[in-house]
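Undergrad: this one's sequence-less:
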C-alpha cells in the first residue's frame, strides 16, 4: 500500500537566521507550530522532523514531535530528507516540507500529492500566480516558467519571463518550495552532482532539470509566506494574530 510521508528538514545553523526552527511563533517554536498545523491531515500517514542538531532533537522529544538525527554533512534539505526516507519503501510518496513554511494549508499538500500521482518522473512541486510587479524583481521570491504539459522549464531568482513586450499575468508564477517525490526517484536525485545552473542560482531543483528530469507543477491560489529572516518572523507573528490556524 502506498503511503504519504512528510519529512521536515530542520537545520540550526542557517546563514540568514541561525536557530530558526526554535524561534518563537505565536508562543510556539517554529517547528512545533508547523507540526501542530499538519499533524491531523487525514491524507498524511506519518510526519518526521529531520535534523542535524541536538538542540532541535531534544526540543522535539520534549514536545512529542517525531524527530530523527541525520548527518551534518548534507548540502541541502532534500539530501537530509533522502537520508530519512531510506527507511521507507521505494513506492512511498515522500513530501519535503520546509521548516520555514508556517502557513502551509491542507489544500496545498493535497494538491502536491495529486500532482505527484501524475508526475512522469516522480517529482512534483507547486506554484502560484505572481501578480505583484515588485515581487517579480525580488530575488528572494523564486520564479518558475513551465510548458503546456505543466512541466517546469526553468526556475530563477530573476524575473522570468523577461518582458520585452507586454505579457499577460498568466505567464508569471512564483515557486512554492514544497516538493513531492516517489521515494525511489528521490534516492536517485540525491546522488546527482550539482551543475552550473544550480551553483549560479543556488536552487537545487535546477540540478534535476539539468540532469534531464521532468518536474510536474501544480498550481494553487495563494503564495505562502516563508520565514527566511528575523524580520520575516516579526511579520509572521503579526499575520498570525489575524489568522485562524
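TA: Right, received. Where do you want to start? Not measured: the values here are computed from a predicted model.
Undergrad: any idea how far the closest residue to residue 232 other than its chain neighbours lies from residue 20?
TA: Nearest residue to residue 232, sequence neighbours excluded (CB to CB, 6 or more residues apart in numbering): residue 226, at 7.0 Å. The C-beta positions use only the backbone N, C-alpha and C, and glycine is treated the same way. Distance from residue 226 to residue 20, counting by CB to CB, to the nearest Å: 11 Å.
Undergrad: So for these two, which sits in the more crowded spot?
TA: Each of residue 226 and residue 20 has its neighbours counted (other CB atoms under 10 Å); residue 20 has more, 24 against 18.
Undergrad: got any residues that touch both of residue 226 and residue 20?
TA: Common contact partners of residue 226 and residue 20 (CB atoms under 8 Å, 6 or more residues apart in numbering): residue 100.
Undergrad: what stretches of the protein score poorly on pLDDT?
TA: Along the chain, the parts satisfying pLDDT under 70 run over 243-245.
Undergrad: for it, longest strand please?
TA: Longest strand of the chain, by residue count under DSSP state E: strand 173-182.
Undergrad: any idea which helix or strand comes after it?
TA: As assigned by DSSP states H and E, the chain's next helix or strand after strand 173-182 is helix 183-189.
Undergrad: how about the nearest residue to residue 12, chain neighbours excluded?
TA: Residue 12 sits nearest to residue 53 (CB to CB, 6+ apart), 3.7 Å away.
Undergrad: And the strands in this protein, which stretches?
TA: 4-10, 24-25, 28-29, 46-51, 67-69, 93-97, 123-129, 143-146, 152-156, 173-182, 216-219.
Undergrad: Which neighbouring elements make contact with the second one?
TA: If you count contacts as 3 or more CB pairs under 8 Å, 6 or more residues apart in numbering; DSSP states H and E, strand 24-25 packs onto helix 230-240.
Undergrad: now the helix it packs on: how far from the chain's centre is it?
TA: Using CA atoms, centre = their mean, to the nearest Å, the mean C-alpha position of helix 230-240 is found 19 Å from that of the whole chain.
Undergrad: Now it: buried residues?
TA: By 16 or more other CB atoms under 10 Å, the buried positions in helix 230-240 come out as 232, 233, 236, 237, 240.
Undergrad: Please give me every residue in contact with the third one.
TA: Going back to what we said before, that points to residue 236. If you count contacts by CB under 8 Å, 6+ apart, then residue 236 has 25, 102, 103, 225, 227 around it.
Undergrad: that older thread, which elements pack onto the longest strand of the chain?
TA: strand 93-97, helix 106-117, strand 123-129, strand 143-146.
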